[in-house]
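Asker: need the 3D shape of this:
(2 chains)
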Amino acid sequence: MPEDTRSIGRTLRMLFVALLVAVGVAGVARPAHAQEDSGDEAVEDAAGTEVKGTLRAQDADGEDIFLEGVEFVVTDADGNEVGRGVSDAEGNWSVPLPGAGDYSTLLVVETLPEGNSLRNPDNNPLSFSVNDGDSRPNLFPLGEAAAKTDNSIKAIQLFVDGLKLGLIIAMCSIGLSLIYGTTALVNFAHGEMVTFGAMAAYLFHASGALGFETSLIVAGVLAVIMSGIAGGLFNGLVWGALRNSGASLFSALVVSIGFSIFLRYVMLYIFGGRDGFYRDYRIQQKWNFGWFTLAPKDAFIMGFSTVVLIGVGVTLEKTRAGKAMRAVADNRDLAESSGIDVEKVITWVWVAGSALAGLGGVLFATTEAIGWEMGFRILLLMFAGVTLGGLGTAYGALFGSLIIGVFIQTSTLVIPSDLKNVGALLMLIVVLLVRPQGLLGRAERIG
Amino acid sequence: MDWGSIIENMFRGLIGENLIYFGLAAMGLNIHFGYTGLLNFGQAVFMAAGAYGLAIAVTSLGWSFWVGVPLGLFVFPLVLAGLMGIPTLRLRSDYLAIVTIAVAEMFRIIFRSPTPSIKKYTNASDGLNGFTRTFYDLSPFSNDKRYLGLWLGNQMWVVLVGWIALAAAVLLVWLLIRSPWGRVLKAIREDEDAARSLGKNAYWYKMQALALGGMLGAAGGMLRAIGTGSAQPQNFITDVTFFAWVALILGGAGKVLAPVIGAALLYGVLNFTDSFLREAVANDVIPDSIMSGAQVGQVRFMLIGLGLVLLAAFRPQGIFGSKEEMALDDR
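Answerer: I've put the predicted structure just below:
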C-alpha cells in the first residue's frame, strides 16, 4: 500500500467523508469489496476457539491510529455472557470462547475514545458463528454513517467518479462509433472486446496460468496489443468476409449479436463465473483534495485516458490515416473514388477501436471486478453515450459518454445505486425521443 | 451413458415445454421481423412481462388469476411496445434493436433490484412464486400418473394448454397475414416509402405489429412462469431473446409455421447436446479438466451464439424461407 499521503483538508469532518466515500464507492461497485477493504485484520493461527479483532481509525493526516481501552462483551445464543475483552495499545482484542456455536459481540460504545463512532451502528452487537478451534475475526468499521454526509460534497465526489466512468466509457465507445461510421455496422460484440482486454491482462498479471506473472502495467500493454490483434483478426475473418459477400444490414447485426453471445460464454467457460481482481494497485490510500478524494490509480486513469483521447482526436484531425478514417466515415464512395484504400482504413479502425476497448477494459477492471458480463453491461452504457453524442461521430461518442458517466454516478444521489444503470438506459430512450441524431449528429430522417 | 434418457430428453425438447415457450416467442418475432422487418432484440422482456404481469397481480397484489392473465398478456406488453416503439419506429431500424435490448436489460435490473419499494412487488432475484394454483386446479390430469411416458399430470396440463395456445397463435397469424392488414405489414417490410406513398400510416402499423408480436411473446413467458412455477429475473436475461431468434431464423422468417418447427428443432438439438454432455461428464467420458458439470449449461449459449452467426451468414432464409422474401434492404 503506497504511503504517499497528501492531505489538504485538515478537519476531521473531511477525514470522515474520505473514509466513507472510500468504502461507499467500493461498496457500490461490489459489496464484497467493502468487506475486504475494511478487513485489515490479519488472521493468524491461534490455539483455542476465540473471537478477535483490531480496532483502527485514521487521524486527520490519514495515519492509522489504534484505539485502546475499548470494551467488548461476548454473549452466546441464549444471551448469557461468555467473556469480555479490552483492546490493547495496538487495537487488538480477543475473547476466548468455550467452543463451537453461535455468539454475538457487543462493542461498548461508551468506551470508544472521543470523536470516534461506529460506521454501522446496526451491526452492533455483531452475530457470528464459529467452529471448534477457529479464531474468528470480528470487524467494527469506524466512521460516520452515510446519511450524515453533506449532499453537496457528495455530489462533487460523485461528479468526479462520474467523469472517471465517462472517460472509460468514452475510450471503449470510440471504436464502436468509428466502426459504425465506416461500415454502418452496430457492433453488438464490441463489449466483449472490453471483457477480453480485462481478462487478457488478468491472464498475464494474476492468473498464474502461464507459469509467470508480470506487473499490471506490462500485462496491460500486452492486453491492449492482444485486443488490437483480435479486432484485426475478427475483421479479417468475419466482418470482411461478410462485407464481401454482400450481406445485408440484418445479417451483419445478427452475426454481431451471435458473435457477442458466443464470445461471452467462451470467456465464461474459460474464466469461470467468479469475479477476478488485479493484485497491483488494488487497495490504495486516497488523496484528499478537500472537496473530493481520489485514489492515485483513479487519478492516473483519468489523466491517462484524457491523454489517450486527446491523442485519438489529434490522430483523427492531423494524420493521413485519421483523415482517411474520417473521409470513409463521411462518405465511403467518395473516399474510395478519391483513391483511399477503404478496406485498409476499415482494418485500422477495427484494430484501433478494439485496442482502445481493451484498454478501457483494463482500466475499468482496476476499479471494479473482472467478470464475464462486464463488457455487455458497459456495451449498453456505450450505446447510451454514443446515441446521446450522435452515432457515427468520434467526438459525439466522447462527449456523450462523459455525460452518461456523470449522469450515472450523480443519479445515485436520488435513486438507489443498484438502479443507476436504469437511469442511463432511460436517458437513451429520451434522447431518441427528443433529438434522435444525438447532440453532435446531423439530422436525417428515415421512415 | 444412459442413452435412453438422452433420447427421451431430446424428444421432450422436440414436442415439450420449451417448444411452447419459445415457439410462441418466436412467432411474436416472426410478426416483428418476418412480416414487418422490425429488429426486436428484447423479446425476453415481453416474455418477462407475461410472467411478471401474472405473478405480480396474483402473488404481490392478491388479485384473481383471471385478472393477472389479461394484465400480463395485454396490458404490460402494450406499455412495453409503447416504450420501445414511440421513440424508435420513425428511425432507422438499428435504433429499435438498440432500444429493445436496452429496455430488456433495464427491466431485468429493476426486477432483480433489492430496493425495498421495488422488492415488495418483485421479490428481487429470488422472484415470485405461488401464482399457479388456479391454473393447476383446472387440470384434468392426475399427478400420480405419467402421460405419454414423459410428463406428470401438472406438466401434461401445461403442455396441453401450451399446444392449444400454439395452435391458436398459428391460426391467428395465418388469418392476420392473409388479411389486408397483413399485406400492409409486408408492404412496409418490402418498401416502407412505397407503403407510405399509398397513404398507409407505416408508423402506426409498425406499432401494432410490435405490440401484437410482444403479446405472443408474453404468452410464451407466462406459460413459462406457470410451467416452472416461478417468475425469476434469471429466466428472462437478454440472451433468452436469442433462443427465440435462432428458432425463428432456423425455421425461416416470414413463414407462419416456421417458428414452431424452428423451436422444435432447436430444442431437440439443445436438449440432445445438453443431456449427452451431462452424461459424458458424469461418466467421465469427458474429463473434469476439460468440462465440469457447471460448464455444460454454458455450452448451450455458445451453440446459440454460433448458430446465430452461421445462420445469419450462410442461410438467413432458414430451412423453409425463401431468399427473395427475406432479402432485407439496408434501411
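
Asker: can you give me the strands in the stretch 301-447 of chain A?
Answerer: Ranges of strands within the stretch 301-447 of chain A: none, based on DSSP state E, counting those that start in this stretch.

Asker: show me which residues of it sit near chain B.
Answerer: By C-beta under 8 Å from any C-beta of the partner chain, the residues of the stretch 301-447 of chain A that approach chain B are A:376, A:380, A:383-384, A:387, A:416, A:418-419, A:421-422, A:425-426, A:428-430, A:432-433, A:436, A:445-447. Where you see a C-beta, it was placed from the backbone N, CA and C, and this is true even at glycine.

Asker: of these, buried ones?
Answerer: Neighbour counting by 16 or more other C-beta atoms under 10 Å in any protein chain shown classes A:376, A:380, A:383-384, A:387, A:416, A:418-419, A:421-422, A:425-426, A:428-429, A:432, A:436, A:447 among those as buried.

Asker: what pLDDT does B:Ala327 get?
Answerer: In this model, B:Ala327 is scored at 49, pLDDT.

Asker: next one: A:Phe300
Answerer: 90.

Asker: need the residues that contact the helix or strand hosting it.
Answerer: Using DSSP states H and E, A:Phe300 falls within helix A:296-318. Among residues not part of helix A:296-318, those counted as contacts by C-beta atoms under 8 Å, 6 or more residues apart in numbering or on different chains are A:2, A:4, A:161, A:163-164, A:167-168, A:170-171, A:174, A:281, A:284-285, A:287, A:294, A:321-323, A:325-326, A:352, A:356, A:359-360, A:363, A:366-367, A:394-395, A:398.

Asker: burial measure for the residue nearest to A:Phe262 when sequence neighbours are not counted, as a count.
Answerer: Nearest non-adjacent residue to A:Phe262, counting by C-beta to C-beta, 6 or more residues apart in numbering or on different chains: B:Gly305, 2.9 Å away. Neighbour count for B:Gly305, taken as other C-beta atoms under 10 Å in any protein chain shown: 25.

Asker: sorry, back to before: among the residues of the stretch 301-447 of chain A next to chain B, which are located in helices?
Answerer: Those of those mapping onto helices are A:376, A:380, A:383-384, A:387, A:421-422, A:425-426, A:428-430, A:432-433, per DSSP state H.

Asker: make a markdown table from the residues you listed and add pLDDT to it.
Answerer: As requested, those are arranged in a markdown table below (pLDDT from 0 to 100):
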| residue | pLDDT |
| --- | --- |
| A:Phe376 | 90 |
| A:Leu380 | 90 |
| A:Phe383 | 89 |
| A:Ala384 | 90 |
| A:Thr387 | 87 |
| A:Asn421 | 89 |
| A:Val422 | 91 |
| A:Leu425 | 90 |
| A:Leu426 | 90 |
| A:Leu428 | 88 |
| A:Ile429 | 88 |
| A:Val430 | 88 |
| A:Leu432 | 85 |
| A:Leu433 | 84 |
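
Asker: list just the nearest of those residues to A:Ser337.
Answerer: Of all these, A:Thr387 has the smallest distance to A:Ser337: 30.7 Å, by C-beta to C-beta.

Asker: any weak-confidence spans in chain A?
Answerer: A:1-48, A:58-64, A:115, A:120, A:122, A:143-150, A:392, A:442-447 (pLDDT under 70).

Asker: packing partners for the longest helix anywhere in it?
Answerer: Longest helix in chain A, counting residues (DSSP H): helix A:151-183. Counting contacts by 3 or more C-beta pairs under 8 Å, 6 or more residues apart in numbering or on different chains; DSSP states H and E, helix A:151-183 is packed against helix A:12-29, helix A:190-202, helix A:296-318, helix A:320-330, helix A:342-367, helix A:374-389, helix A:394-410.

Asker: following element in sequence after the helix or strand hosting B:Gly220, please.
Answerer: For B:Gly220, the host element (DSSP H and E) is helix B:202-228. Downstream of helix B:202-228, the first helix or strand assigned by DSSP H and E is strand B:230-231.

Asker: contacting residues for A:Asp280?
Answerer: Counted by C-beta under 8 Å, 6+ apart, A:Asp280 has contacts A:His205, A:Ser215, A:Leu216, A:Ile217.
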